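Undergrad: Please work out how this folds:
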Amino acid sequence: MALSLGLLGLGVAASPALAAVEAPSPLEAARPLLAHVSPRADFKAEPASTDARRVADWVMASGDNGAMPFIIIDKINARVFVFDVHGALRGAAPALLGLAKGDDTVPGIGRRKLAAMRPAERTTPAGRFVADIGHDLEQDVLWVDYKDGIALHRVKVFNPKDHRFARLASASLPDKRISYGCINVPVKFYDLVVMPAFTGTSGIVYILPDTKPIGAVFAIHAAAANAQGQVLIQAAPGG
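TA: This is a model prediction of the structure:
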């Protein structure tokens with residue numbers, strides 16, 4: 001008996017029965033694979049696609065936005081989501097996008113006149129862009145890719161036959177494909193949500209793909225969510 005107590009005092013099991021320990025939970029077993037745990041982006045009550053949520057959660061978990069406001073543009077569903085630096089939704093709205101589906105821009109297209117752009121070349125590119133408020137020839141805009149002439153701006157009349165205001169109000173997703181590549185949003189949404197979020201600061205715009213796999217555009221390394229609503233980011237191999 002004294003020997004058994006002595007062994008227990010040293011943390012040594014005196015018998016196989018005493019050596020039994022509780023098996024680790026699945027989360028504890030996986031913990032060595034996890035780099036860190038971060039809260040999800042907060043979409044509040046706004047409906048959003050799985051891919052939009054996945055990218056927003058990855059942004060928050062990885063810190064990819066660099067403590068700047070950010071925007072998620074869901075091309076497939078023609079929706080724009082604006083977040084503050086902490087991942088809280090500031091607002092969401094429908095959007096008009098490039099006439100043609102596609103996730104790349106034609107090289108040098110930003111130096112061409114709009115009339116010279118063929119319908120198949122009028123794409124809104126997918127990817128991660130550092131954005132700033134600036135100006136085009138007519139108004140202030142949020143420049144997404146200045147070199148290629150891609151901006152997020154208030155909807156306006158280019159060609160009356162385009163019916164852009166009616167398209168923006170339409171529930172039909174095909175109606176949302178009409179622009180030369182820029183992202184058109186409601187005037188009030190631009191003035192009351194986009195401008196305040198990006199005034200005096202740069203930000204990040206994430207444009208989701210509509211032809212490529214999402215993993216081919218963003219370096220998302222997997223994310224599962226635990227019961228507390230936190231995102232578990234798996235460490236990249238060797239990282």
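
Undergrad: From residue 116, how far out is residue 45?
TA: 44 Å (Cβ to Cβ, to the nearest Å). Where you see a C-beta, it was placed from the backbone N, CA and C, and this is true even at glycine.

Undergrad: Ignore what I typed, I meant residue 165.
TA: 26 Å.

Undergrad: and what of residue 99?
TA: Counting by Cβ to Cβ - residue 99 and residue 116 are separated by 14 Å.

Undergrad: more neighbours, residue 45 and residue 116?
TA: residue 116 (9 against 5; other Cβ atoms under 10 Å).

Undergrad: Now that one: phi and psi?
TA: Backbone dihedrals for residue 116, given as degrees, to the nearest 10, come out at phi -90, psi 0.

Undergrad: For burial, what's the neighbour tally of the residue nearest to residue 121 when sequence neighbours are not counted?
TA: Nearest residue to residue 121, sequence neighbours excluded (Cβ to Cβ, 6 or more residues apart in numbering): residue 106, at 4.9 Å. When neighbours are counted by other Cβ under 10 Å, residue 106 registers 17.

Undergrad: again, but for the one 3 residues further on
TA: Around residue 109 sit 19 other residues, with neighbours defined as other Cβ under 10 Å.

Undergrad: I'd guessed it sits against residue 118; true?
TA: No: using Cβ atoms under 8 Å, residue 109 is not in contact with residue 118; the gap is 10.0 Å.

Undergrad: Could you check how far residue 51 is from residue 209?
TA: 9 Å.

Undergrad: who's more crowded, those two?
TA: More neighbours surround residue 209 than the other of residue 51 and residue 209, with 21 against 18 (other Cβ under 10 Å).

Undergrad: mind checking pLDDT for the closest residue to the more buried one other than its chain neighbours?
TA: Leaving out its chain neighbours, the residue that sits closest to residue 209 by Cβ to Cβ, 6+ apart is residue 126, at 3.8 Å. Looking at residue 126, its pLDDT is 97.

Undergrad: With residue 59 instead?
TA: 96.

Undergrad: next one: the host helix or strand of it to chain centre, how far?
TA: Secondary structure from DSSP states H and E places residue 59 in helix 50-62. Distance, stretch centre to chain centre, for helix 50-62: 6 Å (Cα atoms, centre = their mean, to the nearest Å).

Undergrad: what about the residue nearest to residue 181 when sequence neighbours are not counted, neighbour count?
TA: Nearest residue to residue 181, sequence neighbours excluded (Cβ to Cβ, 6+ apart): residue 98, at 4.5 Å. The number of residues packed near residue 98 is 25, by other Cβ under 10 Å.

Undergrad: Torsion angles phi and psi at residue 98?
TA: According to degrees, to the nearest 10, residue 98 has phi -60, psi 140.

Undergrad: May I have the beta-bridge partners of it?
TA: residue 179 (DSSP bridges).

Undergrad: before we move on, what about residue 145?
TA: Under the criterion used (DSSP bridges), residue 145 bridges to residue 150.

Undergrad: Point out where this structure drops to low pLDDT.
TA: 1-38, 221-239 (pLDDT under 70).

Undergrad: Brilliant, that's me finished.
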